[in-house]
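> Any chance you could fold what I've pasted below:
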Amino acid sequence: MIKVLFVCLGNICRSPTAEGVFRELVRRQGLEGDILADSAGTSGWHVGAPPDSRSQAEARRRGVDLSGLRSRKVTEEDFGRFDLILGMDRDNVEDLLDICPPDRKDRVRLFTEFARTHRAGCVPDPYYGGPDGFAKVFDLVEDCAGGLLEHLLLRGGGHGE
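Numbers count the residues shown, from 1 in each chain. Predicted coordinates for the structure are as follows:
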């Protein structure tokens with residue numbers, strides 16, 4: 001089984017959207033028994049909270065249900081449990097690398113590395129913006145999630161490549 005963890009700052013906007021979109025892509029391919037997705041935040045500000053209502057609304061409009069997800073903070077155990085740990089922006093990646101055991105750093109990557117058509121350096125945080133920011137984030141996340149799934153299917157794995 002390949003295990004992927006999506007990470008942003010608070011785990012209420014970007015990373016749960018990525019988890020939900022990726023899970024839906026995995027489900028459509030019938031790969032639920034082969035690929036596991038989860039999400040977490042580098043901060044513990046929102047632990048136990050559901051995804052932001054604007055993220056949930058955008059996801060619902062696009063056929064993805066985020067309602068069962070709850071925020072949690074990244075733990076040291078996550079670096080041993082997940083094959084790929086994908087930060088939504090460079091600050092998230094740096095924060096992850098700061099707490100990551102040295103022998104697991106190859107598992108930490110930037111999610112936008114898997115973008116197929118978008119040329120964004122990061123998934124921008126839509127929290128303080130309007131609803132159009134959530135739509136743009138969803139578009140980018142869909143693109144990156146599709147590229148990630150292609151990558152995993154072509155390479156049969158994810159870390160250390």
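> Can you list the buried residues in the lengthiest helix in the chain?
Scanning the chain for the helix with the most residues, using DSSP state H, yields helix 131-155. Neighbour counts over helix 131-155 (16 or more other C-beta atoms under 10 Å) mark 133-138, 140-149, 151-152 as buried. C-beta coordinates here come from the backbone N, C-alpha and C atoms, glycine included.
> Look up phi and psi at Glu32.
phi -60, psi -30 (degrees, to the nearest 10).
> Assess the claim that it and Val26 are in contact.
Yes. Glu32 is in contact with Val26 according to C-beta atoms under 8 Å; the separation is 6.0 Å.
> Report the buried residues of whichever strand or helix holds Leu96.
Using DSSP states H and E, the element containing Leu96 is helix 90-99. For helix 90-99, the neighbour count (16+ other C-beta under 10 Å) marks 92-93, 95-96 as buried.
> Also stretch 76-92?
Buried residues in stretch 76-92 (16+ other C-beta under 10 Å): 78-79, 82-89, 92.
> can you check stretch 45-52 too?
Here stretch 45-52 shows 46, 49-52 as buried, counting by 16+ other C-beta under 10 Å.
> Now it: average pLDDT?
When pLDDT is averaged over stretch 45-52, the result is 95.
> now it, how far from the centre of its chain.
Remark: stretch 45-52 is offset 15 Å from the chain centroid, using C-alpha atoms, centre = their mean, to the nearest Å.
> if I pick the closest residue to Gly48 other than its chain neighbours, what's in contact with it?
In space, and not counting its chain neighbours, Gly48 is closest to Arg70: 5.6 Å by C-beta to C-beta, 6 or more residues apart in numbering. Shown in contact with Arg70 (C-beta atoms under 8 Å, 6 or more residues apart in numbering): 48-50.
> Would you mind putting those residues into TSV with secondary structure alongside?
Below are these laid out as TSV (DSSP: H, G, I helix; E, B strand; the rest coil):
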residue	secondary structure
Gly48	coil
Ala49	coil
Pro50	coil
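> now the helices for this protein?
So, for the chain - with DSSP H - the helices run 14-28, 53-61, 78-81, 90-99, 131-155.
> and the ones you listed as TSV, adding distance to Lys105?
Converted to TSV, those look like this (distance: least, C-beta to C-beta, whole Å):
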stretch	distance to Lys105
helix 14-28	19
helix 53-61	29
helix 78-81	9
helix 90-99	6
helix 131-155	19
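> out of those helices, nearest to Thr42?
helix 90-99 (4.2 Å; C-beta to C-beta).
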